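Chemist: the sequence and its predicted three-dimensional model are supplied below.
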Amino acid sequence: MRPIETRYALSGDVRIAYQVVGQGSLDLVFVPGFISNLDLHWEDEGYSRLLKRLSAFSRLILFDKRGTGLSDRVDVHHLPSLETRMDDVRAVMDATGSGRAALLGASEGAPMAMLFAATYPERTRALALYGGYAHFHKWVMPPERLEAFIATAETAWGTGATLPHLAPGRVDDPRFATWWARFERLSASPTAAIALARMNAAIDVRGVLAAISAPTLLIHRRNDARVDPEASRFLARKIPNSRLVEVPGRDHPIWTGDVDRVADVIEEFLTGARAVAEVERVLAALLVTRIYDTARLGDRMWSERSQRFQETWRLLVGRHGGRPAGTHGELMMARFDGPARAVRCAAALRDAAQEIGVASAQGVHVGEVELRGPPTGLTARVTMQLAAHAGRGDILASRLVAELAAGSGLHFNDAGRIALDELDEPLALVQATSEQHLEPAFRPKAKAAEPAALTARESEVVNLIADGKSNAVIAAELGLSEHTVKRHVANILLKLDLPSRAAAAAFSARHAGPHGP
Amino acid sequence: MLTKTQAVDGAAIKKAIEGRDGKLLASFYADDALVRVIDRNNPPSKPREIRGRAAIATFWDDICSRAMTHKVDTTIADGNNLAFTQACAYPDGTKVFCAAMLELKNGQIARQTVVQAWDE
């Protein structure tokens, strides 16, 4: 996408960076939370998704508060009051020619937006407040927890250390965690961040709530990790013309979690119409395959086996009519037109993993995904969580998969329910069972020679053969009779389909690792 | 002052748009009028639709609340069809250009399709 032009509005003698996106009839000013950076937002998938959704029905006006992001730095020892920062909103509106706008205040942006609505009712068309609050210490954190947060910022600002406080659901997403660390560094200096945190801690706008006359929408995630949902319930009671919508989820930043759900609610509130259904979304079955090392293979051997499994995964997904949709380390996602194909492929992958000598755990789910690009929405996240929840060798699927696969000959056992953060109801699960019903669409012609086929003792023997040792020496070293060693050697040659001891020695050299083949 | 009984014409539209008179603009539309907006965020297969005079009144009210200039340049009338182009500018220099095609019915706008592009 083309970079959005950044412009600067003059607020007193401070320049406030802003961007304008879209050309809807309605002006919508996004008042960001704690920190922001106009340029960086577009690099995060969730953030750009949110902005794209909002700018489809509005002229979306974005800005960085003074002291943050691309706006002028301010003296951190004399930070501006909430009133001054609120006036930055007015300056940006003036610069963009916005006479009257709807304000979307997120997190710390919410009290600022409330203050604006109470001060400039004639310029406030409507107010949408996400994860907001009127009093910091009451609903965000008490003074002692604030000190701990500040201590974290003092020692580790810029490393992404604040992520667990705000979006615990994204801590395990390395790409997002890296982006978050950059977001910290490029949005505020450590000193500014600490000063901002202290200033936000002083927020108390309870006195202005009754003076807000604009129609107000309150949105709060039910298990918000940062701001107690009670904060929005309080606002709903105190702001005259307001309505509260609680949505599932725990990650606090507005651009994380189910962004579309939040955008839907805002769009309906501001335009009176639900978003037009996305025509480019289609129903698909997703399979997430997770492999892991239970045999302490050592880095090199694990890496080889992992790579071999990924090659096999591509092959099997293709053979079952699916499309590889991306890999993240040891996590692989594939997309299928129907759930039965996905489950059959999962069964074939489970067998392949056993043959290669890696542990597998898989999740299958059905839902809508974007037609183009890799699946990234709720369906993808649920499938990944199923794979994370599955035990070794398990194929864990949502009940919906079993229902849609009725008549396919696949068998499933009930596997209870799992409560997922982003879903309203716990998800009913099944486990794909009965291997005889899970025949893959093809069979490998011949079993390839695999180190995993050997027992621990046979592995020891083959290593000693590779060292050039005779049966007698091997027997002495392992404390076995020579006859037993001969039996082991015969079994090894049979299992590996090798003609001679020399071939077994060569095989051992090819597959050697810290723990032998 | 134009009344509802008077047929809408290019000159009346030009005057209302350039004077940012949202109320007057809304009065040009039939009760069940439909405005469709096509732009980079609302592609032809999924245009933004504004249905009915009340929603269209809000639409124009929002646009006219902006401190911007509008200039209606070319107006072409052909029976019950009217077309015009509109060049607009915001105080920070951002420009918007629209082309609109209108279908009139009993002297009121029944259907309008706007195609617009802008600096971003």
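Modeler: That came through, no problem.

Chemist: could you use CA atoms for every contact and neighbour count after this?
Modeler: Will do.

Chemist: show the model's pLDDT score for the spatially closest residue to A:Gly46 that is not a sequence neighbour.
Modeler: Closest residue to A:Gly46 apart from its sequence neighbours, by Cα to Cα, 6 or more residues apart in numbering or on different chains: A:Trp255 at 5.1 Å. On pLDDT, A:Trp255 comes in at 95.

Chemist: go on, A:Ser508?
Modeler: 74.

Chemist: stretch A:479-490 - what's its average pLDDT?
Modeler: For stretch A:479-490, mean pLDDT rounds to 79.

Chemist: who does A:Glu368 form a beta bridge with?
Modeler: A:Glu368 has these beta-bridge partners by DSSP bridges: A:Leu283.

Chemist: what about it, how many residues close to it?
Modeler: 17 (other Cα atoms under 10 Å in any protein chain shown).

Chemist: which bits of chain A sit near chain B?
Modeler: With Cα under 8 Å from any Cα of the partner chain as the criterion, chain A comes near chain B at residues A:4-5, A:20-23, A:25-27, A:52, A:55-57, A:95-100, A:276.

Chemist: inside helices: which ones of these?
Modeler: Judged by DSSP state H, helices contain the following of the residues of chain A next to chain B: A:Lys52, A:Ser55, A:Ala95.

Chemist: now the residues you listed in TSV, with neighbour count?
Modeler: Shown next, in TSV, are these (neighbours: other Cα atoms under 10 Å in any protein chain shown):
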residue	neighbour count
A:Lys52	18
A:Ser55	22
A:Ala95	20
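
Chemist: can you tell me which of those is nearest B:Tyr29?
Modeler: For those, the residue nearest B:Tyr29 by Cα to Cα is A:Ser55; the value is 26.1 Å.

Chemist: who's in contact with that closest one?
Modeler: By Cα atoms under 8 Å, 6 or more residues apart in numbering or on different chains, the contact set of A:Ser55 is A:Val21, A:Gly22, A:Gln23, A:Gly24, B:Asn41.

Chemist: next, the contact list for the second one, please.
Modeler: If I follow you right, that is A:Gly22. By Cα under 8 Å, 6+ apart, the neighbours of A:Gly22 are A:Ser55, A:Ala56, A:Phe57, A:Ser58, A:Arg59, A:Leu60, B:Asn41, B:Glu120.

Chemist: so the last one makes contact with A:Glu5?
Modeler: I take that to be B:Glu120. Yes - with contact defined as Cα atoms under 8 Å, B:Glu120 counts as touching A:Glu5 (5.9 Å).

Chemist: contacts only, for A:Ser360.
Modeler: Taking Cα under 8 Å, 6+ apart as the test, what A:Ser360 contacts is A:Thr289, A:Arg290, A:Ile291, A:Tyr292, A:Arg350, A:Ala353, A:Arg392, A:Gly393, A:Asp394.

Chemist: what's the closest of those residues to A:Asp467?
Modeler: Nearest to A:Asp467 among the contacts of A:Ser360 is A:Ala353, at 29.4 Å by Cα to Cα.

Chemist: can you count the residues close to the closest one?
Modeler: 24.

Chemist: pull out the buried residues from the helix ranked longest in chain B.
Modeler: Using DSSP H to define each element, chain B has its longest helix at helix B:53-64. For helix B:53-64, burial by neighbour count (16 or more other Cα atoms under 10 Å in any protein chain shown) applies to B:Arg53, B:Ala55, B:Ile56, B:Ala57, B:Thr58, B:Phe59, B:Trp60, B:Asp61, B:Asp62, B:Ile63, B:Cys64.

Chemist: state the next helix or strand along the chain beyond that helix.
Modeler: For helix B:53-64, the following helix or strand on the C-terminal side (DSSP states H and E) is strand B:69-78.

Chemist: flag the shaky bits of the stretch 151-300 of chain A, pLDDT-wise.
Modeler: A:275-280 (pLDDT under 70).

Chemist: the strands in it, which residues?
Modeler: With strands called from DSSP state E, counting those that start in this stretch, the stretch 151-300 of chain A shows them at A:216-221, A:242-247, A:281-292.

Chemist: and the residue of the stretch 401-517 of chain A found nearest chain B, what does it touch?
Modeler: Closest residue of the stretch 401-517 of chain A to chain B, Cα to the nearest Cα: A:Glu422 (27.7 Å). Applying Cα under 8 Å, 6+ apart to A:Glu422 gives the contacts A:Pro248, A:Gly249, A:Arg250, A:Gly257, A:Asp258, A:Leu378.

Chemist: by neighbour count, which of those wins?
Modeler: Counting neighbours by other Cα under 10 Å, A:Gly257 leads the contacts of A:Glu422 with 24 neighbours.

Chemist: how close does it get to B:Leu25?
Modeler: Remark: distance between A:Gly257 and B:Leu25 (Cα to Cα, to the nearest Å) = 41 Å.

Chemist: need the phi and psi values for residue 90.
Modeler: Going with chain A. The phi and psi values for A:Arg90, taken as degrees, to the nearest 10, are phi -60, psi -40.

Chemist: try A:Pro215
Modeler: phi -60, psi 130.

Chemist: and which of the contacts of A:Ser360 is nearest to chain B?
Modeler: Relative to chain B, the closest of the contacts of A:Ser360 is A:Thr289; by Cα to the nearest Cα it sits at 36.0 Å.

Chemist: pretty sure that closest one sits against A:Ala388.
Modeler: No - using Cα under 8 Å, A:Thr289 is not in contact with A:Ala388, being 9.2 Å away.

Chemist: look at those two and report which has more neighbours.
Modeler: Taking other Cα under 10 Å, A:Thr289 and A:Ala388 do not tie; A:Thr289 has more neighbours (28 against 17).

Chemist: picking up where we left off before, now what about the longest helix of chain B, what contacts it?
Modeler: Against helix B:53-64 from outside (Cα under 8 Å, 6+ apart): A:25-27, A:100, B:20-23, B:25-27, B:29-33, B:35, B:50.

Chemist: that older thread, among the contacts of A:Ser360, who's most crowded?
Modeler: Neighbour tally across the contacts of A:Ser360 (other Cα under 10 Å): the maximum, 28 neighbours, falls on A:Thr289.

Chemist: residues contacting the residue nearest to that residue when sequence neighbours are not counted?
Modeler: Distances taken as Cα to Cα, 6+ apart place A:Gln362 nearest to A:Thr289, at 4.5 Å, with adjacent residues excluded. The contact partners of A:Gln362, by Cα under 8 Å, 6+ apart, come to A:287-290, A:346, A:386-388, A:390, A:393-396.

Chemist: switch the cut-off to 10 Å
Modeler: For A:Gln362, the contact set (Cα atoms under 10 Å, 6 or more residues apart in numbering or on different chains) comprises A:287-291, A:331-333, A:343, A:346-347, A:349-350, A:383-397, A:431.
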